[in-house]
Each structure stands twice: as structure tokens, then as C-alpha cells.
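Colleague: Sequence and predicted model, in that order:
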Amino acid sequence: MKKLLSLAALSVLGALARADVPVETRLQSFDTVWSRVNEYYFDPRFGGVDWSKLKDRYRAKVQEARNDAEYLEALNGLLHELGASHFGVIPSSAYGAGAAASTTLADGEPGLRIGLVEGRPTVVGVEPGSPAEKAGVRAGWILVSVDSRPVAPIVRAILQDPAQRNLVPLKIASALRAALSGPVGKPVAATFYDGSYRTVTVTMDRVPSPGQVVRFGELPPLRARVEAKRLPGGVGYIRFNIFMMPLLEAIKNAIDSFRDAQGIILDLRGNPGGVGAMAIPIAAKFVERPAQLGTMRMRTGQTRFSVNPQPPLYRGPVAVLIDGTSASTSEILAAGLQELGAARLVGEKTAGAVLPSVIERLPCGNRLQFAFADFRTPKGVLLEGRGAIPDVPVQLTREALLRDGDVVLHRAVRLLLGNQPAPSGVKR
Amino acid sequence: MKASFRNLALLSLLLSVAGSWAQSPVQADITAEQVLDKAIEASGGKATISKIKTAVLKATMEAPMQGLKGSVVTYVKAPNKIRVETDIDGLGKTIQGFDGKVAWANDPIQGLRKLEGAEKAAMARNSSIVSTDWKQFYSKAVYIGKEKFGDKDVHVVELTPKEGKPMRQYFDAETFLLLKQTGVQAGAMGEMPFEAFFSDYKEFEGLKLAMKQVVKVGPIELQITMKEIKQGVPVDDKLFAMPAK
């Protein structure tokens, strides 16, 4: 049972635990963190980091922590020394006393996707029917503040962090999503620069994210959803927000329902990953013979992501939409389909956060996420730190967003309908 | 019954048994064959084993550190039929079967597929309720030596399947019950080293069975606890046949 868990933890920005954890429990938890990584980090040389030496340094920090915030900072400080994705400690408060208490489930959102466009936090997507759409917010608007608090410092802090530069788009999207989120029923006032650079402040309701609540092991409960529709021109469009097994049948059914479509678009933008093996049955709808999506390599042993065709197959052209917020399993699926010649990737480079991991409960109640394997594509490309590279790069600009809305989607539709030549080296 | 680690699903099977032949590479007071023979006797003996025609075993499965829970139900029918259903919360149900000729698996990730090569051989090895004919499945059994396992002395035997990689079994030097097994799980998705530990043996209608198994694969530690064992119950042959879809 080798399951790949995701960067979903990045989106869990719950408050810290209410009561401080006793020092003894903190130290016990720290020792667990250090030991699990020591035993299972896939690279026995720890990427050049002196893991043994770090133990004493960070144990002292844990011992000296004056509160849980400093304690958590010390734990994450240790893990960040590795400079790799899928390492972190999720505070116990992200889980709450039950599903209802979870910040993930209890919070609502206005229905916006914010990304960094030309260096500024910009609306890159507005959910149809969402409070944001009803308030008139449009793609291309620049986010200035949320409830009178400027967002520039949030963006600046992330941009100035030298660690894991490839994760900047993911971090910014997560941080600004968190800034806009809050209790359902409590509106949020956001200030934007609109298309004419006029300052516009709109008040938007926060509504629960759509989708079913799914739970998997020690991952915080999440809302998972699949959206499938036929676009003008006959192209099938499928978007899902996370790779969780309860969605699999709906995704496969959607693919099957588009059997006669002129093309299928898989939209993996904003998808942080999930159960890694789930990339296999999705890919199995698009390959005509047994193939590999890649290999995860542990300190001892390795596992191939073997794909066997699962009829009925879709034999038409496929485009996968990606960007810097497509992470983990999204990257495995996208890069694998690309190398197999089964799909073309449209958009921006993915996050480059592709390390199979598990999430475990620590004695203090927080959860540890740690990677135990790396992942290489069938051609041997290490995706961690690199990401999947689009065949059809689409660099977002504010002007294009204002003019055309979802320019990446439009480009993919044109590609599938044959209005644009396929890039060289792509089979289909 | 031999323990199997094919996708960790056949773990609900019970004892490793013996009945073998081998040359020992080390000077020892005991041979691999003798250890394996004694293991058969420890698990109940050939006469008792041969009486078992069908069995249904139900167990819980848990990976406590990762918060995963599930169940395993195993159906076996003499001489060589088996079906294992594994259901893990949040992941779905995996079914594996062998009807004496065709080995197959059906899971949400790979779908329905026929098993061949080493995978099929592994299913066949684990299909017999209790195998007392090692030559049928193994080409070699070697006595490695005596070791300490916790506070116990164990006899270590290395078994080489006709198809597949060698595995080592560790038998209590006093009781000859299987306490540990190590090897490499080979399958369509690669090779994964594993360690399995057997404990809490209880006698059930003349058979001694491990009620608890712990299997370690990478950072995952699975605990399998036997909850119910029924022998001699009707088991339909259709359960073991590969479904059409």
C-alpha cells in the first residue's frame, strides 16, 4: 500500500492549538519527527543536509519554545532544512473536535482564484454562480486588500522567502485563499483595481465550498468535487479539486460520457494532489497499451505506476490544463500523460512538488507529513523542483485575462479543435 | 497456511507451515527440512490440517500511525482456491482470487486483471489451506542458523520459490511457531521489501493460528487482527473464479 499524499496540508491554515503542549510531549513529538525522517527519507545522504547535527540544534529550540507557535515553528524549521516538498507539521486545530470544527470545512469562500500575474496578486478565476461573480468581480482584477488589510505584505513575504522558490505560486494562491476565507455567513470586503485601475471595494458572502466531505487517514477532512460539462464546440471539460478515491467513479464516468467528444480537457489548475495511485486509473482511460506513469523510489525498494488500459478508452485528443498550483499527483498525471503522448499540457509550469508522503499523528496531536520517496517520469525526469513543462505555454497577462477571461482554457479548446498546430514532438 | 504479502491483502492467512527438504549450508544440529517439519507439527500436524476443507477468516486491518482502518475477509477451499477481500476506508475494495488455474485481482487502481508470472505464483503458493508439499512451490530451503528475536531463539530458514525472490522465515526454537518473515513483495508495480511479525497464537480446532500480524512496508505498519474464523462452512466455487468484468 503505497499511497501518495498531497500538498493539501499547505492549504490547512488552522489556528494553533488552544492549550500549550507540555514540554515533555513536545520533545517526544520532536524525537518522532526526527526519527521518522531519519529512517525513511528516500535519500540516505539527506540531500547534503547533516540531519544528525540538526537534531541537537532544533531539539534545543523545541525545549526553549515559549508557546505552541514557537514549538510549531521549531518543528517546521527542522523539516524545512531539507528543502523539499511534502514536509511539514499540520496543527491539530486543523482537525478540530470533528468535521464541523475543522477550519477546512467550516470556512466559506467567495469563489475566487487568485494568482500572481505580472508580479501582482490577480484574479485568475471566478467560480460560476459564486458570490464573487454575483458581486461583479472579474478575471484580471488586482487584489489590493481584504477587510482593509493590504495583501501586498503577504505576497512580499512569500516572494522574499528563499526556500523552495518553485512553490511561490502555490504558496501565494493558498495564502490569499486563506485570507479571503472565513466563517460562512460572515461577508468579506475585498478591494481591487478593476480593468481601468479604478479602486473597487466589493462585499461578498462566504459560502461553503461545494463538494462532498472526504476523509483519508490523518489528512484533514476536505471537500472534494468533480465538475464535468460539454463546452461549445463539443469539447468535454473535467475539473476536480483533489485526488481522492470517492471522486474516481465520477471522473471515469465523465470521461466515458465524453466518448464522442472532439477532445477532452482535464483541468488540474489549483489541484494540490492527493492519493497518488489515483493518477493510474485516470490515465488508464487514455492509453491503448500497458504503460508507466513513472516510478517512486524509496530508500529500499521502488514502485512503478503501472497503467493498464481500462476500457472504454477515450481515443480523441486530450489537453491537461496546468499551472503553478497544480501539484503532486496532478504533476504525476500530467507529466505521465505527456511523456506517453496521450495528452498535451497547456498553461504554466506546475509546482514541482512531487514527493510521495504519508501523514502521521504525533504524540502532541499535530500531524507530521513527510516524504518517503521521490518520483521520476518514465524517461527518468525527477519532477520534484522541476514540475511538468507545458507543451503549449500560456503566460497569463492582466490584459489577456480582462479581455478573454480564462485564456488557458480558450487556448486548449482551440488546440483540440484543430485551430492551432500541435507543438513539435507531440504524437497526437 | 502460509502468509502472503501480495498487496498486503493475503495477510489474513495464517501460519506458515512446512514439510520440506533441503541441504543446510551451515553445520547445525538441525536442518531446514527438520525445522519446517516441526513447524507443521507445531501448527497442528498434517492430519489436522488435511481435515480442513473450507474456511472463512475475518480480520481487521489498521495502520494506526497513518489513521487508516479496514477489514480483510479471506475465503479458502481445499485444495487450492482462495479469495481475499480487502477494504480500506477512503481507498476502496481490493479483491484477489485464485481458482486453482487462474489468478486475478480487481481493485480501483488497476481494475480487473489476470495475474501472471511471479504474481500468479505467489497466489498459487498461498492458495492451499495448508501446504505440506514444499516441492510444489519452492526450489530450495536452506537453514541459515539460529538467531535472537527479542528474548527468544529462532531458527532461520531461507526459502526460494520456483518463481519469485527468496524469503526468510524465523521459527521459535522452542515452539517452532512462525514469528517473523522477511522478503520482497514482487508485483506488477515493482518490488517492495517487507517484514512481517506473527504473534498471539491460539488453538482453533486443533490448528494453532496467529491472531495478530504486523506487516511493515516502508513507513507503513499494518496491524491485522483476526476476529473470526469459521471452518467447514459452505463456500461457493464461484467466489474464486475471475469475474467477467
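Modeller: That came through, no problem. Residues are numbered from 1 along each chain as shown, chains lettered A, B, ... in the order given.
Colleague: all strands for the stretch 1-150 of chain A, in order.
Modeller: Per DSSP state E, counting those that start in this stretch, the stretch 1-150 of chain A has strands spanning A:88-90, A:107-109, A:112-117, A:120-126, A:142-146, A:149-150. These are given in chain order.
Colleague: Tell me which of those strands lies nearest to A:I332.
Modeller: strand A:88-90 (19.7 Å; Cβ to Cβ). Where C-beta positions appear, they are placed from N, C-alpha and C, glycine not excepted.
Colleague: Which neighbouring elements make contact with the closest one?
Modeller: helix A:68-80, strand A:367-371 (3 or more Cβ pairs under 8 Å, 6 or more residues apart in numbering or on different chains; DSSP states H and E).
Colleague: do you know which of the ones you listed lies nearest chain B?
Modeller: Taking Cβ to the nearest Cβ, strand A:367-371 is the member of those nearest to chain B, at 7.7 Å.
Colleague: Distance from the next helix or strand after the closest one to the middle of the chain?
Modeller: Using DSSP states H and E, the helix or strand that follows strand A:367-371 towards the C-terminus is strand A:374-376. Mean-position distance between strand A:374-376 and its chain equals 17 Å (Cα atoms, centre = their mean, to the nearest Å).
Colleague: any weak-confidence spans in the chain?
Modeller: If you meant another chain, say so; for now it's chain A. Scanning chain A for pLDDT under 70 picks out A:1-19, A:95-106, A:419-428.
Colleague: You answered for a different chain; I wanted chain B.
Modeller: For chain B, the stretches with pLDDT under 70 are B:1-28, B:129-133.
Colleague: looking at the strands of the stretch 1-150 of chain A, which is closest to B:I224?
Modeller: strand A:88-90 (27.7 Å).
Colleague: Can you give the distance from that closest one to the centre of its chain?
Modeller: 15 Å.
Colleague: Just the buried residues of it, please?
Modeller: For strand A:88-90, the neighbour count (16 or more other Cβ atoms under 10 Å in any protein chain shown) marks A:88-90 as buried.
Colleague: What of stretch B:44-57?
Modeller: By 16+ other Cβ under 10 Å, the buried positions in stretch B:44-57 come out as B:44, B:48-49, B:52, B:54-57.
Colleague: quick one: the helices in chain B?
Modeller: Along chain B, counting by DSSP state H, helices occupy B:32-42, B:46-51, B:117-125.
Colleague: and A:N308, how far is that from chain B?
Modeller: Separation of A:N308 from chain B (Cβ to the nearest Cβ, to the nearest Å) stands at 6 Å.
Colleague: Would you mind confirming that that residue is in contact with B:K114?
Modeller: No. Between A:N308 and B:K114 there is no contact under Cβ atoms under 8 Å: 10.3 Å.
Colleague: Compare those two and say which is more crowded by neighbours.
Modeller: More crowded of A:N308 and B:K114, by other Cβ atoms under 10 Å in any protein chain shown: A:N308, with 18 against 11.
Colleague: What is the burial count for the closest residue to the more buried one other than its chain neighbours?
Modeller: In space, and not counting its chain neighbours, A:N308 is closest to A:P290: 5.2 Å by Cβ to Cβ, 6 or more residues apart in numbering or on different chains. Around A:P290 sit 12 other residues, with neighbours defined as other Cβ under 10 Å.
Colleague: residues contacting A:P290?
Modeller: Applying Cβ atoms under 8 Å, 6 or more residues apart in numbering or on different chains, we find A:P290 in contact with A:306-309.
Colleague: sorry, back to before: out of the helices and strands packed on strand A:88-90, indicate the one that is most buried.
Modeller: Most buried of the helices and strands packed on strand A:88-90 by mean neighbour count (mean count of other Cβ atoms under 10 Å in any protein chain shown) is strand A:367-371; its value is a mean of 25.
Colleague: Quick one: work out the angle between that one and helix A:68-80.
Modeller: With axes from the mean of the first three to the mean of the last three Cα atoms, to 10 degrees applied, the angle from strand A:367-371 to helix A:68-80 works out at 10 degrees.
Colleague: which residues are contacting stretch A:255-264?
Modeller: With Cβ under 8 Å, 6+ apart as the test, stretch A:255-264 has contacts from A:228, A:230, A:233-238, A:282, A:285-286, A:312, A:314, A:316-319, A:413, A:415-417.
Colleague: Straight-line length of it, end to end?
Modeller: Taking Cα to Cα, to the nearest Å, stretch A:255-264 runs 8 Å from one end to the other.
Colleague: likewise stretch A:34-45?
Modeller: So stretch A:34-45: terminal residues 15 Å apart, Cα to Cα.
Colleague: mind listing what's buried in stretch A:53-73?
Modeller: Of the residues in stretch A:53-73, A:54-55, A:58-59, A:61-62, A:65, A:68, A:70-73 count as buried by neighbour count, 16+ other Cβ under 10 Å.
Colleague: on that earlier part again, just send the helices of chain B back as a markdown table, with distance to A:I251 too.
Modeller: What follows is those, written out as a markdown table (distance: least, Cβ to Cβ, whole Å):
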| stretch | distance to A:I251 |
| --- | --- |
| helix B:32-42 | 48 |
| helix B:46-51 | 47 |
| helix B:117-125 | 27 |
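Colleague: show me where chain A has helices.
Modeller: Remark: helices assigned in chain A by DSSP H are A:23-40, A:51-64, A:68-80, A:103-106, A:131-134, A:152-160, A:168-180, A:248-257, A:279-283, A:329-339, A:398-404, A:407-416.
Colleague: closest to B:V156 out of the ones you listed?
Modeller: Nearest of those (Cβ to Cβ): helix A:23-40, 23.6 Å.
Colleague: Now the closest one: buried residues?
Modeller: A:26-27, A:29-30, A:32-34, A:36-37, A:40.
Colleague: try stretch B:80-87
Modeller: Residues of stretch B:80-87 classed as buried by neighbour count (16+ other Cβ under 10 Å): B:80-86.
Colleague: just the residues you listed now: which is nearest A:G324?
Modeller: Using Cβ to Cβ, those come closest to A:G324 at B:T86, 37.3 Å.
Colleague: What's the separation between that closest one and B:E195?
Modeller: 19 Å (Cβ to Cβ, to the nearest Å).
Colleague: What is the neighbour count of A:S93?
Modeller: Using other Cβ under 10 Å, A:S93 is surrounded by 20 other residues.
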